[in-house]
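Peer 1: Predicted model and sequence follow; I will ask about them next.
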Amino acid sequence: MSELPPDALQSYTDKWLAVQPQQRLALAFVDPQQHAGHIALAALEQELLAAAYGIREPQVAAVKLNWWAEELAGAAASGGRHPLTQVLFDDARAQALPVEYWLAPVRAAIAQLEAGTSADFSAQLAAAEPLHGALAALETAWWFGPAAPSAKAARLATLAHLLHALRRLHDDAERDRLPLPMARLARFHLSRAALRSRSDSLDQALRAQLSDLARCWDEASRHDGPLSVFRTLEARTGGALARAGARAGDPLHVLQQGLSGGAFGHTLAAWRAARRWRRHDQR
């Protein structure tokens with residue numbers, strides 16, 4: 001790899017870690033100096049998700065995402081203009097991947113910009129899968145090669161997104177796409193305004209949603225397929241949080257505060273994931 005400024009990734013890494021602080025554990029096994037592209041890919045994913053979900057005006061989000069589409073489409077030839085693209089395409093892995101791996105997440109993000117609230121939990125999963133599945137496919141191909149299956153990573157990435165959306169329930173109560181599907185709102189007689197403050201009905205709806213998430217998490221975790229070190233940590237912490245929230249008296253408080261403890265188990269899981277990844281790289 002060519003010489004890169006030591007702080008080229010730092011601001012983007014910090015934004016990623018602000019959303020996924022548990023990934024600080026992973027950095028003990030994925031050295032930013034040796035594996036800058038792996039960090040850059042995680043940071044790129046966060047940039048795309050921030051555009052897809054964090055920008056409230058769909059037209060503004062579309063402009064940003066179209067810029068990324070143009071950037072990623074030409075990066076193999078130009079080396080890129082954005083610091084993340086420059087780091088990624090300085091790595092031979094980026095050059096080896098077909099351009100569709102890079103463009104599929106951006107296209108999926110644009111396609112879902114004006115999507116409304118899903119009818120039920122199954123529809124919610126189906127609506128989120130194209131974007132998060134495309135990101136998981138790109139990540140899996142980067143870490144393990146294009147032949148590696150990504151279905152397990154895709155489902156876990158989708159579940160992690162739906163969990164993160166629940167944590168932002170109060171903030172997103174005015175958006176067209178609500179974190180709880182319509183069937184869930186109807187069952188517990190919840191209006192949009194009722195999502196802004198705690199109630200018994202809201203607690204019950206959240207526990208029902210989290211129970212479905214936890215069930216799907218357990219099912220997905222039993223499937224075969226490689227996971228990056230980052231995805232392993234996200235899946236482990238997210239699954240534990242969904243299960244804890246489903247049992248909690250105040251599920252939203254549990255989601256927003258997170259779980260204390262478990263650092264040893266998370267570290268062990270990251271170490272095992274890193275060992276599997278390194279074994280694959282040595283083949």
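Peer 2: In hand now; what should we look at?

Peer 1: Now do the helices for the chain: every range, in order, please.
Peer 2: 10-19, 36-49, 58-78, 83-88, 92-96, 99-111, 121-144, 151-167, 182-187, 200-221, 229-247, 251-257, 263-281 (DSSP state H).

Peer 1: Just the CA trace of the second one, in PDB.
Peer 2: The C-alpha coordinates for helix 36-49 follow below in PDB (Å, rounded to 0.1, in the frame of the first residue of the first chain):
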ATOM      1  CA  ALA A  36      -6.800   0.500   6.900                       C
ATOM      2  CA  GLY A  37      -9.100  -0.700   4.200                       C
ATOM      3  CA  HIS A  38     -11.200  -2.800   6.600                       C
ATOM      4  CA  ILE A  39     -11.700   0.300   8.800                       C
ATOM      5  CA  ALA A  40     -12.400   2.400   5.800                       C
ATOM      6  CA  LEU A  41     -15.100   0.000   4.600                       C
ATOM      7  CA  ALA A  42     -16.900   0.100   8.000                       C
ATOM      8  CA  ALA A  43     -16.700   3.900   7.900                       C
ATOM      9  CA  LEU A  44     -18.000   4.000   4.400                       C
ATOM     10  CA  GLU A  45     -21.000   1.900   5.400                       C
ATOM     11  CA  GLN A  46     -21.700   4.400   8.200                       C
ATOM     12  CA  GLU A  47     -21.500   7.300   5.700                       C
ATOM     13  CA  LEU A  48     -24.000   5.600   3.400                       C
ATOM     14  CA  LEU A  49     -26.400   4.800   6.300                       C
END
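
Peer 1: tilt between that helix and helix 229-247?
Peer 2: Here helix 36-49 runs at an angle of 40 degrees relative to helix 229-247 (axes from the mean of the first three to the mean of the last three CA atoms, to 10 degrees).

Peer 1: Let me see the mean pLDDT of helix 36-49.
Peer 2: Averaged over helix 36-49, pLDDT sits at 97.

Peer 1: And that helix, what does it pack against?
Peer 2: Here helix 36-49 touches helix 10-19, helix 58-78, helix 83-88, helix 99-111, helix 121-144, going by 3 or more CB pairs under 8 Å, 6 or more residues apart in numbering; DSSP states H and E. All C-beta spots, glycine's among them, are computed from the backbone N, C-alpha and C.

Peer 1: For Asp176, which of the helices of the chain is the nearest?
Peer 2: Of all the helices of the chain, helix 58-78 sits nearest to Asp176, with 9.1 Å by CB to CB.

Peer 1: want to throw the helices and strands packed on helix 36-49 into a markdown table with distance to Pro181, mean pLDDT and mean neighbour count?
Peer 2: Listed next are the helices and strands packed on helix 36-49 as a markdown table, based on distance: least, CB to CB, whole Å; pLDDT from 0 to 100; neighbours: other CB atoms under 10 Å:
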| stretch | distance to Pro181 | mean pLDDT | mean neighbour count |
| --- | --- | --- | --- |
| helix 10-19 | 23 | 93 | 15 |
| helix 58-78 | 20 | 96 | 16 |
| helix 83-88 | 33 | 95 | 22 |
| helix 99-111 | 19 | 98 | 19 |
| helix 121-144 | 5 | 98 | 21 |
